[in-house]
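Colleague: Got a predicted structure here, sequence first:
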Amino acid sequence: VKELSSLTDYLLLVSGRSDRQVQAIAENIKLELKNREKILPLAIEGMSQGRWVLLDYGGVMVHVFQQSVREFYDLEGLWSEAPEVPLERTDAG
């Protein structure tokens with residue numbers, strides 16, 4: 001989205017099935033980036049509710065949603081003009 005937004009360069013959109021799973025995914029992303037890359041988020045929003053958690057890393061914003069919330073807000077549709085960047089799946093650990 002860097003060509004379309006002054007807020008961030010990349011959006012990472014992730015879904016979880018429940019509030020606990022959304023919280024666990026967000027917490028795991030935060031811990032992995034801290035431990036592996038020594039990167040801390042600039043801000044975290046929504047962790048206590050677990051419906052939509054935003055991890056703001058400046059150039060990358062990570063959105064972890066419950067599926068129904070993701071569908072309702074449709075960020076993919078909002079940012080449909082932005083090119084998708086394929087990610088290679090790796091095992092954690």
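Modeller: Done, it's in.
Colleague: what's Val85 in contact with, if anything?
Modeller: By CB atoms under 8 Å, 6 or more residues apart in numbering, the contact set of Val85 is Tyr10. Using the backbone N, CA and C atoms, a C-beta is placed for each residue, glycine as well.
Colleague: rerun at 10 Å
Modeller: Listed by CB atoms under 10 Å, 6 or more residues apart in numbering, the contact set of Val85 reads 10-12.
Colleague: now Val22
Modeller: 14-16, 46-47, 49-53, 64-67, 69-70.
Colleague: And it, how close does it get to Trp52?
Modeller: Computed as CB to CB, to the nearest Å, the Val22 to Trp52 distance reads 8 Å.
Colleague: Determine the residues that are contacts of both of those two.
Modeller: 16, 46, 64-66, 69-70.
Colleague: Out of those residues, which end up buried?
Modeller: 16, 46, 64-66, 69-70 (16 or more other CB atoms under 10 Å).
Colleague: among these, which are in helices?
Modeller: Taking DSSP state H as the definition of helices, the buried ones among the shared contacts of Val22 and Trp52 contribute 69-70.
Colleague: In a markdown table, list the buried ones among the shared contacts of Val22 and Trp52 along with pLDDT and distance to Leu31.
Modeller: Formatted as a markdown table, the buried ones among the shared contacts of Val22 and Trp52 follow (pLDDT from 0 to 100; distance: CB to CB, whole Å):
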| residue | pLDDT | distance to Leu31 |
| --- | --- | --- |
| Gly16 | 95 | 16 |
| Gly46 | 96 | 17 |
| Val64 | 97 | 13 |
| Phe65 | 95 | 19 |
| Gln66 | 96 | 21 |
| Val69 | 95 | 23 |
| Arg70 | 93 | 22 |
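Colleague: Just the closest of the buried ones among the shared contacts of Val22 and Trp52 to Leu33, please.
Modeller: Distance ranking of those against Leu33, using CB to CB, places Val64 first at 13.2 Å.
Colleague: Now do the same contact list for Leu75.
Modeller: Contacts of Leu75 (CB under 10 Å, 6+ apart): 1, 11, 13, 52, 61, 63, 65, 82.
Colleague: Can you pick out the most distant pair from these?
Modeller: Counting by CB to CB, the most remote pair of these is Trp52 and Ala82, 19.3 Å apart.
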